[in-house]
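S.K.: Curious how this folds, go ahead:
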Amino acid sequence: MILENENITRIDLDGKELILIGTAHVSRSSAELVKKVIEEEKPDSVCVELDAQRYQTIMEGNKWQDTNIFKIIKEKKSTLLLINLAMSSFQKRLAKQFDIKAGQEMIEGIQAAKEIGAQLVLADRNIQITFSRIWHSLGFWGKVRLMVELIFSIFTDESISEEDLEQLKSKDMLNSILHEFSQKFPRLKVPLVDERDQYLAQNIKEAPGSKVVAILGAAHVPGIKKELFKEHDLEQLTQLPPKSMLVQVVGWSIPILIIGLIVFTFITNPAMGAKQSISWVLWTGSFAALGTALAFGHPLSILTAFLVAPITTLHPLIAAGWFAGLTQAYIKKPSVRDFENLAEDILSLKGFWHNQVTRILLIVAMANVGGSIGTLIGGADVIRLFLENLR
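M.R.: Purely as a prediction, here's the structure:
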């Protein structure tokens, strides 16, 4: 019988023995522990904190050369892809620091399960659904703040000792991290941690056999221990929440208000109306162009952002960044080498800006953020000129 370990939790539930292993995704000792537990416990099922997409990625590598960057932008998935790359950047840098493959403990678990003939269960929720639910749960400023935090995480060159990494798996350290995380992004914690705890717990309970080993990131273990004793609707946890009516009303009300104020001013004072229009064009176009320029966009991409922003900012369903990104992709179409080097390039700030794929994603994100800032300033100036005209 394997020696008890603070990262191993045993639970008896409805005639099943559930063995939860809390791991760090770039820890060599975690990978060794996973292999040892499975070989000695010989479970009927092994649950891993992966979905089908991440399972294929971790076993076969990202087939980035098959990626259609135009399709990603048109399907409005560029921001989600950028978030995915940014979130994996820090983990991959740590993995490189310790000369271990990120997710090695999952690979060990998958291989050990095959060796003993255990059923492999991909227990986690689809990553795209998780990101979509995160994005839907954040307000405008929450999205901006998250993008800023993620971009800064790309820039950091912070290293960590292996001893510190192992301490991250302890319960005290874990609780303090989650507490800090929930304070900074309280809405983000629910879809990223809490809902996945519920999803993972339900799949672990339903795994076939009387003995189940579950390989989990340490952050999920405390929550899963509680959720195992509850029933959860997996279908509900995979649905995208509908946009609230308030968000849709506000999204359309602001452009209607701006257009209404400019039209009214034009009727009463054409010169002032023209001044409003110029102000709107300059503020929205300039900030969208500035965002594109900061992402080192091509001059034509910068010009595109400037030209389309005054229009796209008046329509809640389109964005300047999409047009700037498509222009950049057309002019500087990523090569096969860009896709092949993507996993390595996201490890550094220079790589993020140098790789044509990530540069396009940054252009989309930063042009959209710039256009949003320009909308706030330009809208305020339109209102100021309207009030000035009434005097």
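
S.K.: From here on, just use CA atoms for contacts and neighbour counts.
M.R.: Fine.

S.K.: Just name the shakiest helix or strand of the protein by mean pLDDT.
M.R.: When each helix and strand of the chain is scored by mean pLDDT, DSSP states H and E, helix 171-184 comes last, with a mean of 48.

S.K.: Can you show me the strands along the stretch 201-350 of the chain?
M.R.: For the stretch 201-350 of the chain, strands defined by DSSP state E, counting those that start in this stretch occupy the ranges 211-217.

S.K.: Any regions of it where pLDDT drops low?
M.R.: 243-248, 250, 335-349 (pLDDT under 70).

S.K.: and Ile383, how far is that from Glu231?
M.R.: According to C-alpha to C-alpha, to the nearest Å, Ile383 stands 52 Å off from Glu231.

S.K.: okay, these two: which has more neighbours?
M.R.: Ile383 (16 against 12; other C-alpha atoms under 10 Å).

S.K.: So which elements touch the one helix or strand the more buried one maps to?
M.R.: Assessed by DSSP states H and E, Ile383 sits inside helix 356-390. Contacts defined by 3 or more C-alpha pairs under 8 Å, 6 or more residues apart in numbering; DSSP states H and E place helix 356-390 against helix 78-97, helix 245-268, helix 270-294, helix 320-331, helix 336-340, helix 349-354.

S.K.: Report the angle between the longest one and helix 245-268.
M.R.: Taking axes from the mean of the first three to the mean of the last three C-alpha atoms, to 10 degrees, helix 270-294 and helix 245-268 form an angle of 130 degrees between their directions.

S.K.: name the helices or strands packed onto helix 270-294?
M.R.: When contacts are defined as 3+ C-alpha pairs under 8 Å, 6+ apart, helix 270-294 sits against helix 245-268, helix 299-312, helix 320-331, helix 356-390.

S.K.: Show me what counts as buried in it.
M.R.: 272-273, 275-277, 279-293 (16 or more other C-alpha atoms under 10 Å).

S.K.: Alpha carbons of stretch 291-304, as PDB, please.
M.R.: Taking C-alpha atoms only, stretch 291-304 is exported to PDB below (Å, rounded to 0.1, in the frame of the first residue of the first chain):
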ATOM      1  CA  GLY A 291      -3.900  50.100 -30.000                       C
ATOM      2  CA  THR A 292      -3.100  48.600 -33.400                       C
ATOM      3  CA  ALA A 293       0.200  50.500 -33.500                       C
ATOM      4  CA  LEU A 294       1.200  49.400 -30.000                       C
ATOM      5  CA  ALA A 295       0.800  45.800 -31.200                       C
ATOM      6  CA  PHE A 296       3.100  46.700 -34.100                       C
ATOM      7  CA  GLY A 297       0.400  46.400 -36.700                       C
ATOM      8  CA  HIS A 298       1.100  47.000 -40.400                       C
ATOM      9  CA  PRO A 299       0.500  50.700 -41.500                       C
ATOM     10  CA  LEU A 300      -2.600  49.500 -43.500                       C
ATOM     11  CA  SER A 301      -3.900  47.700 -40.400                       C
ATOM     12  CA  ILE A 302      -3.500  50.900 -38.400                       C
ATOM     13  CA  LEU A 303      -5.300  52.800 -41.100                       C
ATOM     14  CA  THR A 304      -8.000  50.200 -41.200                       C
END
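
S.K.: burial count for the nearest residue to Ile331 once chain neighbours are set aside?
M.R.: In space, and not counting its chain neighbours, Ile331 is closest to His298: 7.9 Å by C-alpha to C-alpha, 6 or more residues apart in numbering. His298 has 19 neighbours, counted by other C-alpha under 10 Å.

S.K.: now the end-to-end length of stretch 117-135.
M.R.: 39 Å.

S.K.: Now do that stretch, average pLDDT.
M.R.: Mean pLDDT, computed over stretch 117-135, is 87.

S.K.: List the contacts of it.
M.R.: 42-55, 80, 110, 113-114, 143, 187-188, 191-192, 196, 199-200, 203-204, 207-208, 238-241 (C-alpha atoms under 8 Å, 6 or more residues apart in numbering).

S.K.: and Pro241, how many residues sit next to it?
M.R.: 12.

S.K.: now swap in Asn389 and tell me
M.R.: Neighbours of Asn389 (other C-alpha under 10 Å): 13.

S.K.: if I look at it, how far off is Trp280?
M.R.: 16 Å.

S.K.: swap in Met272?
M.R.: Taking C-alpha to C-alpha, one finds Met272 at 12 Å from Trp280.

S.K.: Over to Gly22?
M.R.: From Gly22 to Trp280 the distance is 53 Å (C-alpha to C-alpha).

S.K.: List buried residues within the contacts of stretch 117-135.
M.R.: Using 16+ other C-alpha under 10 Å, the buried members of the contacts of stretch 117-135 are 42-51, 54-55, 80, 110, 113, 143, 187-188, 191, 196, 199-200, 203-204, 207-208.

S.K.: Among these, name the ones in strands.
M.R.: The members of these that map onto strands under DSSP state E are 45-48.

S.K.: Buried ones in stretch 369-386, by neighbour count?
M.R.: Using 16+ other C-alpha under 10 Å as the test for burial, stretch 369-386 gives 369-375, 377-379, 381-383, 385-386.

S.K.: Contacts for it, please.
M.R.: Here stretch 369-386 makes contact (C-alpha under 8 Å, 6+ apart) with 144, 258, 261-262, 265, 272, 276-277, 279-291, 309, 313, 320.

S.K.: same thing but 6 Å
M.R.: Under the contact criterion C-alpha atoms under 6 Å, 6 or more residues apart in numbering, stretch 369-386 has outside partners 276, 280, 283-284, 287-288, 291.

S.K.: now, which of the residues you listed sits nearest Arg28?
M.R.: Gly291 (40.4 Å; C-alpha to C-alpha).
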